[in-house]
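Trainee: I need the structure of the sequence given here:
(one chain, ligands or ions: 1)
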Amino acid sequence: MLWVATLPITCVWARKPKPAPEPEPEPVVVEEVDTLEVEENDDFESLTEGLPAGVLSRLMGDTLFVSCGKDELPRFLVVMTEDGECQYRLMPDMLWGDTSNVHPADSIYAVWMNTRVNPYQTPVDSLKDSIPVNLNGFVYPLKNLTYVTSKFGFRRYRFHYGTDVKVQVGDSLRASWDGQVRIVGWDPRGYGYYVLIRHDNGLETIYGHLSRPLVEENERIYAGEILGLGGNTGRSTGSHLHYEIRYLGNAINPETIVDFEKGTLRVSEDYVITKKGTFKHNEEVKQLKQAQYHKVRQGDTLSGIAKRYHTSVRTLCKLNKIKETSILRLGQKIRVR
Ligand SMILES: [Zn+2]
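Mentor: Here you go, the predicted model:
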């Protein structure tokens, strides 16, 4: 067995330019590397003869990487040493996280991981300006229509990255599109029991506060299939479904895509994610991260607080959605910037 650390093959995955993922991907295990002797006059073409159609090749320094089309794992590697010698290596078994090797939207995502909700760490700024996403085949997660209990966006001192919909404990919840289950998790202070699915269309959805997940990690799942039962686990008061839609780890307001009153898509199936439109809330998130609060004490007034933090009463009213005449409560947190 040979660990990948001894082989410079990481760039085999550089099929398309994409942002470099920060976290370490799952270790890639290369088993049984066959080395073919290369004759003196062998050239690239004769070496790569017989490779499957759609072969991509890339010259990186003195190492030539050859990989298959996007639906197949690279299995061939030609290493050229400095003095011009070549070695033709065949890699029969490459493990990438789990053994199935191919995952939905592999051309978008560099990592398949069963542990972290957002292992991609791809900031919105680094995305393309517009990204087409095919929403065909959408199935609303609930069988019966209920109502939204909490919207995507600001919530007191933090950002709520999903839409909450009323469910009863035990209600069946269904996958929105075809895909593969990436995480079946337990997050006692947040999602509770949750399921995260990577869809073929490039989106990921999260279903939180389940009473019971009914799928397993790495399992293939189709739109409309039951993934778990609604519940009230984790940080939740009252049974509801916390539903998130993400692209490369970046949350999208689900209500911009799904009409929760009708249980249908709100947009056309040929949807386009735009950096400026779809992720416009990111500016608010950035500001929220820089937000500063003042805890109201005896004798505090709005004008006093404004003076202390070198701001105006008007700004304080706007930031806190209060009026100049509002009465401050002791212990109340006033956002000052
Ligand atoms: Zn929620």
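Trainee: confirm for me that Leu302 is in contact with Leu316.
Mentor: Yes. Counting by CB atoms under 8 Å, Leu302 sits close enough to Leu316 to count as a contact (5.7 Å). (C-beta placed from N, C-alpha, C; glycine too.)
Trainee: show the average pLDDT along stretch 190-201.
Mentor: The average pLDDT within stretch 190-201 is 97.
Trainee: output it as PDB, nothing but the C-alphas.
Mentor: Extracted C-alpha coordinates of stretch 190-201, given in PDB (Å, rounded to 0.1, in the frame of the first residue of the first chain):
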ATOM      1  CA  GLY A 190     -28.200  23.400  17.000                       C
ATOM      2  CA  TYR A 191     -29.700  21.200  14.300                       C
ATOM      3  CA  GLY A 192     -30.600  18.300  16.600                       C
ATOM      4  CA  TYR A 193     -30.800  15.200  14.500                       C
ATOM      5  CA  TYR A 194     -30.300  16.400  10.900                       C
ATOM      6  CA  VAL A 195     -29.700  15.100   7.400                       C
ATOM      7  CA  LEU A 196     -27.700  16.900   4.700                       C
ATOM      8  CA  ILE A 197     -28.100  15.900   1.100                       C
ATOM      9  CA  ARG A 198     -25.800  16.800  -1.800                       C
ATOM     10  CA  HIS A 199     -28.000  17.000  -4.900                       C
ATOM     11  CA  ASP A 200     -27.100  16.200  -8.500                       C
ATOM     12  CA  ASN A 201     -27.900  19.800  -9.400                       C
END
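Trainee: buried stuff in that stretch?
Mentor: Within stretch 190-201, the residues that count as buried by 16 or more other CB atoms under 10 Å are Tyr191, Gly192, Tyr193, Tyr194, Val195, Leu196, Ile197, Arg198, His199, Asp200, Asn201.
Trainee: from memory the first one sits against Gly228, does it?
Mentor: No. Proximity of Tyr191 to Gly228 does not meet the contact threshold set by CB under 8 Å, at 11.6 Å.
Trainee: got the buried residues for stretch 329-337?
Mentor: Buried-residue list, stretch 329-337, by 16+ other CB under 10 Å: Gln332, Ile334, Arg335, Val336.
Trainee: start to end distance for that stretch?
Mentor: End-to-end span of stretch 329-337 (CA to CA, to the nearest Å): 19 Å.
Trainee: what mean pLDDT does it get?
Mentor: Mean pLDDT, computed over stretch 329-337, is 89.
Trainee: the stretch 151-300 of the chain: helices as residue ranges?
Mentor: Under the criterion DSSP state H, counting those that start in this stretch, the stretch 151-300 of the chain carries helices at the ranges 275-278, 281-289.
Trainee: out of those helices, which is the most enclosed?
Mentor: By mean neighbour count, with neighbours taken as mean count of other CB atoms under 10 Å, helix 275-278 ranks first of the helices of the stretch 151-300 of the chain at a mean of 16.
Trainee: show me the contact partners of it.
Mentor: Val124, Asp125, Leu127, Lys128, Asp129, Ser130, Tyr247, Ile252, Thr256 (CB atoms under 8 Å, 6 or more residues apart in numbering).
Trainee: show the pLDDT at the residue nearest to the first one when sequence neighbours are not counted.
Mentor: The shortest distance from Val124 to any non-neighbouring residue, by CB to CB, 6 or more residues apart in numbering, is to Phe279 (4.5 Å). In this prediction, Phe279 carries a pLDDT score of 92.
Trainee: cool, and the one 10 residues further on?
Mentor: Reading off the confidence values, Lys289 has pLDDT 73.
Trainee: how much space between it and Phe152?
Mentor: Using CB to CB, to the nearest Å, Lys289 is found at 17 Å from Phe152.
Trainee: Gly170 too?
Mentor: With CB to CB as the criterion, Gly170 and Phe152 are 25 Å apart.
Trainee: neighbour count for these two, which is higher?
Mentor: Neighbour count, other CB atoms under 10 Å: between Gly170 and Phe152, Phe152 has more, with 22 against 11.
Trainee: and that one, how far from Glu216?
Mentor: 29 Å.
Trainee: before we move on, what about Ala251?
Mentor: Per CB to CB, Ala251 is found 25 Å from Glu216.
Trainee: on that earlier part again, columns distance to Thr115 on top of the buried residues of stretch 190-201, output as JSON lines?
Mentor: Shown next, in JSON lines, are the buried residues of stretch 190-201 (distance: CB to CB, whole Å):
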{"residue": "Tyr191", "distance to Thr115": "13"}
{"residue": "Gly192", "distance to Thr115": "17"}
{"residue": "Tyr193", "distance to Thr115": "15"}
{"residue": "Tyr194", "distance to Thr115": "13"}
{"residue": "Val195", "distance to Thr115": "14"}
{"residue": "Leu196", "distance to Thr115": "10"}
{"residue": "Ile197", "distance to Thr115": "15"}
{"residue": "Arg198", "distance to Thr115": "14"}
{"residue": "His199", "distance to Thr115": "19"}
{"residue": "Asp200", "distance to Thr115": "22"}
{"residue": "Asn201", "distance to Thr115": "23"}
